[in-house]
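Engineer: Here is a sequence with its predicted model. Questions after.
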Amino acid sequence: MIRLSRLTDYAVALLSYMGKGDTEALWTAPDLTEKSGLPLPTVAKVLKLLAKSGLIAAQRGASGGYRLTRPQSAISVAAIIEAMDGPIAITDCSAGSEHTGCNIEKICPMSDGWNKVNRAVRKALEDVTLAEMATAPQAAAGEME
């Protein structure tokens, strides 16, 4: 099973809060803590990683905070995952993995197969935006009617 980290899940939630309403609005860690119910240290850690990746920008000062650097519709789920968890790779030997040093890498018959799967998963994650994630429950409910 492919499983994302909790921090990645939290990042999607925090980014979705930040993208509602005025996309230029500044959010502080305490604001997002109150909105999300997550502990302040966790929110601060997620915001730091998101800022490092460029998905959000930090503004210092008394009236500072964090804001999205682009609209939710321009942020892919793949970008969020990479910001939080690093390169997307299905196995340690897949392209994009930080793994080096497999003992059978040169003779492995599965390498190309896993790379194909890895590219397909990455493409699927790139095709889903934060905006779609933020509206998914309403869309799903509408489809069932």
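Structural biologist: Structure's in. What do you need?
Engineer: contacts and neighbour counts: CA atoms only from here.
Structural biologist: Will do.
Engineer: State the distance from Ala13 to Ala120.
Structural biologist: 25 Å (C-alpha to C-alpha, to the nearest Å).
Engineer: More neighbours: the two, which one.
Structural biologist: Taking neighbours as other C-alpha atoms under 10 Å, Ala13 and Ala120 compare with Ala13 leading, 16 against 12.
Engineer: Distance of Pro87 relative to Val43?
Structural biologist: Remark: distance between Pro87 and Val43 (C-alpha to C-alpha) = 22 Å.
Engineer: and if you look at Asn115?
Structural biologist: Counting by C-alpha to C-alpha, the gap from Asn115 to Val43 is 34 Å.
Engineer: Compute the number of surrounding residues for the closest residue in space to Ala13 that isn't next to it in sequence.
Structural biologist: In space, and not counting its chain neighbours, Ala13 is closest to Ser36: 7.7 Å by C-alpha to C-alpha, 6 or more residues apart in numbering. Counted with other C-alpha under 10 Å, the neighbours of Ser36 add up to 15.
Engineer: Equivalent analysis for the one 10 residues further on, please.
Structural biologist: Neighbours of Val46 under the rule other C-alpha under 10 Å: 22.
Engineer: any idea which element it lies in?
Structural biologist: Using DSSP states H and E, the element containing Val46 is helix 40-53.
Engineer: Which other helices and strands does that helix contact?
Structural biologist: helix 6-19, helix 29-36, strand 56-59, helix 77-85 (3 or more C-alpha pairs under 8 Å, 6 or more residues apart in numbering; DSSP states H and E).
Engineer: mind checking which of those is nearest Ala134?
Structural biologist: helix 6-19 (5.7 Å; C-alpha to C-alpha).
Engineer: Below-threshold pLDDT in this structure: ranges please.
Structural biologist: Within the chain, the stretches with pLDDT under 70 are 1, 23, 92-112, 136-145.
Engineer: Done for today, thanks.
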